[in-house]
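*Asks:* after the sequence you'll find the predicted model.
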Amino acid sequence: MNPVYHQAKFINSAPHLKDTPADQGLEIAFAGRSNAGKSSAINTLTRQNALARISKTPGRTQMLNFFAINEQQRFVDLPGYGYAQVPELVKKKWHKLMEAYLSERQSLCGIILVMDIRHPLTDFDWQMIHWCQNSGLPLHILLSKADKLAYGAAKNTLLAVQKELKEIPVSVSIQLFSSLKKTGVDEVHQALDDLFNSANRVIVPENS
């Protein structure tokens, strides 16, 4: 467990790239299909019930939401993709925002991809995996809602997904996770530590 993540604080929600915090330090972005449990995961990892907005209506995360871990490290909650009952024009706007962030953000050092263990490797998941592959960004996958399956079935799904990702030439790690049962929290904290620590970027102090 790393208690530093429990100090996370909301910074702002950015509807456009120009509204994001200064592009310095290091960021880890949380991505996932709507209703995969992305916001719940952020809240569980930070031990804060309402840090990231949770709704019974999928697709409510419509902007880039930034959270400060400390002065040089941040989490970013990306817009969910898939189930959202919104006009196609709005979906295209979300997609454009995510694409701009993922391709232009210099402080981005890793992706946490949250998949519902009952529906892993959707088309969106593969898009994110291939984007990380093309950009060389390390990727850590959470098979969320692991409590919805018996342990044996969950383990089999984990092994099956690992097998499918075996040929991906990029750093990919994967684990079981449950916000409800707090399963895998320490493992995610270690993965976050590794992503931040291995980022080979020069961090420029804000006052320099």
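*Replies:* Right, received. Where do you want to start? Numbering: from 1, shown residues only.

*Asks:* longest single strand anywhere in this protein?
*Replies:* strand 108-116 (DSSP state E).

*Asks:* what about that strand, distance to the chain center?
*Replies:* Relative to the chain's own centre, strand 108-116 is displaced by 3 Å; criterion: CA atoms, centre = their mean, to the nearest Å.

*Asks:* who does the residue nearest the centre of the chain form a beta bridge with?
*Replies:* Nearest residue to the geometric centre of the chain (CA atoms, centre = their mean): F30, 1.3 Å. In this entry, F30 is beta-bridged to D77, I112, by DSSP bridges.

*Asks:* correct me, but it touches K38?
*Replies:* Yes. Contact criterion CB atoms under 8 Å: F30 and K38 qualify, at 5.3 Å. Bear in mind the C-beta positions are built from the backbone N, C-alpha and C, glycine included.

*Asks:* shared neighbours of these two, anything?
*Replies:* With contacts taken as CB atoms under 8 Å, 6 or more residues apart in numbering, the residues that reach both F30 and K38 are 77-78, 114.

*Asks:* quick revisit: list the contacts of the residue nearest to the centre of the chain.
*Replies:* Applying CB under 8 Å, 6+ apart, the residues near F30 are 38, 41-42, 75-78, 111-112, 114.

*Asks:* between those residues, which has the most around it?
*Replies:* K38 (27 neighbours; other CB atoms under 10 Å).

*Asks:* excluding its backbone neighbours, what's nearest that residue?
*Replies:* G32 (4.0 Å; CB to CB, 6 or more residues apart in numbering).
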